[in-house]
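Participant: let me see the structure of the following:
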Amino acid sequence: MLCPSHPLILADSRQVAWSSAHVSGIPLSHLLPLSDDEKSEIAAATKRKAYEIIKAKGFTSYGIGAATSSICEAIIFDQRHVFPLSHWLEDLQCCLSLPAIIGRSGIAETVSLPLDEQERKMVAESAKGMRDIIEKYAVKSE
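Facilitator: Sure, this is the predicted structure:
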């Protein structure tokens with residue numbers, strides 16, 4: 001039986017980390033080689049999915065509720081599950097949504113991803129964009 005693992009949407013860049021996609025521990029690229037056009041099409045469809053749900057149902061509160069419930073359960077029962085959560089990343093000096101292990105004490109650690117050079121660059125660009133926004137709207141103390 002195959003245990004699928006979906007590729008991650010990286011940080012706030014909303015770019016797909018194809019190098020992290022595995023099926024039962026086997027890189028997706030070995031099982032299903034995809035062209036750049038196919039990857040782009042899949043990534044675009046993934047990004048549009050929430051909007052399609054909203055258009056069809058009018059809202060996504062059940063999905064948000066289910067995700068929140070899973071996160072709360074992981075905290076309450078100290079399950080140390082991995083979730084893509086926005087959290088402080090010391091090396092990037094901002095909060096970004098990346099996989100993290102969560103338990104009773106909150107974020108236990110950020111999951112280190114085997115990203116390729118382009119994917120690392122996308123994360124760095126997301127972090128810079130986030131820091132720029134924070135700096136632009138930061139309240140200056142007198």
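
Participant: can you report how many residues lie near residue 126?
Facilitator: By other C-beta atoms under 10 Å, 21 other residues sit near residue 126. To be clear about C-beta, it is placed using only N, CA and C from the backbone, and glycine gets the same treatment.

Participant: surely it is within a helix?
Facilitator: Yes. The assignment for residue 126 is a helix, going by DSSP: H, G, I helix; E, B strand; the rest coil.

Participant: might one say that it is in contact with residue 96?
Facilitator: Yes. Between residue 126 and residue 96 there is a contact at 5.9 Å, judged by C-beta atoms under 8 Å.

Participant: got a list of what the residue lying closest to residue 54 once chain neighbours are set aside touches?
Facilitator: Of all residues not flanking residue 54 in the chain, residue 60 sits nearest, at 5.9 Å (C-beta to C-beta, 6 or more residues apart in numbering). Shown in contact with residue 60 (C-beta atoms under 8 Å, 6 or more residues apart in numbering): 50, 53-54.

Participant: then residue 119?
Facilitator: Applying C-beta under 8 Å, 6+ apart, one finds that residue 119 lies in contact with 10, 15, 17-20, 113.

Participant: farthest-apart pair in these, please.
Facilitator: 15 and 113 (12.6 Å; C-beta to C-beta).

Participant: ok, these two, which is more surrounded?
Facilitator: Comparing residue 15 with residue 113 by other C-beta under 10 Å, the one with more neighbours is residue 15, at 20 against 16.
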